[in-house]
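K.L.:
Here is a sequence with its predicted model. Questions after.
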Amino acid sequence: MSSERERRGLMLVLSSPSGVGKTSLSRRLVADHPDLDLSISLTTRAPRPGERHGREYFFVSDAEFTAKIEAGAFLEWAEVHRHHRSGTLKATVMASVAAGRDVMFDVDWQGARAIAAAAPEDTVRVFVLPPTMAEMVRRIHARAGDSDEMIRRRLETAREEFTKWDEYDYVIVNDDFDHAYAELAHIYHAERSRRTRNPWLGPFVDGLIREPLEGE
């Protein structure tokens, strides 16, 4: 990126209940866009099969997580399904945004609310809905690694999570993955072009206005 076109990064927050597809959507968007980094949360839950420390999450103990809370290190954190805690470290994210990098968050509504409260001008929130409740239930059951008790908790909280949809800037219905992804990508591209995130535009326009026309 040219030094004359330095921009401020954005925080793109994607939320939905489990089984709706936000993780697949967020990871594809990150893979397709080199200026977008996936925020890696700290979590106290155990890794699922195939997950690796530092890739999907940083897996930490309850004591380590509590120490981070007490130090005020989190941009957001929450208790998830009364089972474990997850959170995002503040310093790393804000440094990335200030340097012009975009950061993608795959978090629940509590995390989205906290991020927006901490950095309202930098945050764009997108909520993802399933086409039907039955389809969401099918996807949850098809997922490996979750116990019957965890599945029950996810289904119990899903309806409450749906009620938070109107806190978000955009809403996508994931009835077809490719179509939902295209909508998400359009949102991201538009928000990157927002005037307030591109301070180079002011001097650029001033230069255009001062540029002499032929014959002047």
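P.N.:
Cool, the structure landed.

K.L.:
Which parts of the protein are strands?
P.N.:
11-15, 36-38, 41-43, 57-59, 74-80, 84-89, 102-106, 123-129, 170-173 (DSSP state E).

K.L.:
partner strands of the last one, parallel or antiparallel?
P.N.:
Paired strands of strand 170-173, with direction, are strand 123-129 (parallel) (DSSP bridges).

K.L.:
Also the fifth one?
P.N.:
Pairing partners of strand 74-80, with direction, according to DSSP bridges: strand 84-89 (antiparallel).

K.L.:
List the buried residues in the partner strand.
P.N.:
Arg85, Ser86, Gly87, Thr88, Leu89 (16 or more other C-beta atoms under 10 Å). C-beta: built from backbone N, CA, C; applies to glycine.

K.L.:
per-residue confidence averaged over it?
P.N.:
Regarding strand 84-89, the rounded mean pLDDT is 89.

K.L.:
how much does it deviate in direction from strand 102-106?
P.N.:
In terms of direction (axes from the mean of the first three to the mean of the last three C-alpha atoms, to 10 degrees), strand 84-89 departs from strand 102-106 by 170 degrees.

K.L.:
Residues contacting strand 84-89, please?
P.N.:
39, 41-45, 57, 62, 65, 68-69, 73-80, 105, 107, 111, 115 (C-beta atoms under 8 Å, 6 or more residues apart in numbering).

K.L.:
Try it again at 7 Å.
P.N.:
39, 41-45, 65, 68, 73-80, 105, 111 (C-beta atoms under 7 Å, 6 or more residues apart in numbering).

K.L.:
do the same with stretch 186-205
P.N.:
Glu4, Arg5, Glu6, Arg7, Arg8, Leu10, Leu12, Leu29, Glu121, Val124, Val126, Tyr170.

K.L.:
Try it again at 6 Å.
P.N.:
Glu4, Arg5, Glu6, Arg7, Arg8, Leu10, Leu12, Val124, Tyr170 (C-beta atoms under 6 Å, 6 or more residues apart in numbering).

K.L.:
Show me which of those are buried.
P.N.:
For the contacts of stretch 186-205, buried by 16+ other C-beta under 10 Å: Arg7, Arg8, Leu10, Leu12, Val124, Tyr170.

K.L.:
who's the fifth one bridged to?
P.N.:
If I follow you right, that is Val124. The partner residues for Val124, given DSSP bridges, come to Leu12.

K.L.:
Let me know the distance separating the most centrally placed residue in the chain from Leu42.
P.N.:
Taking C-alpha atoms, centre = their mean, the centroid of the chain lies closest to Phe105, which sits 2.1 Å from it. For Phe105, the distance to Leu42 (C-beta to C-beta, to the nearest Å) stands at 13 Å.
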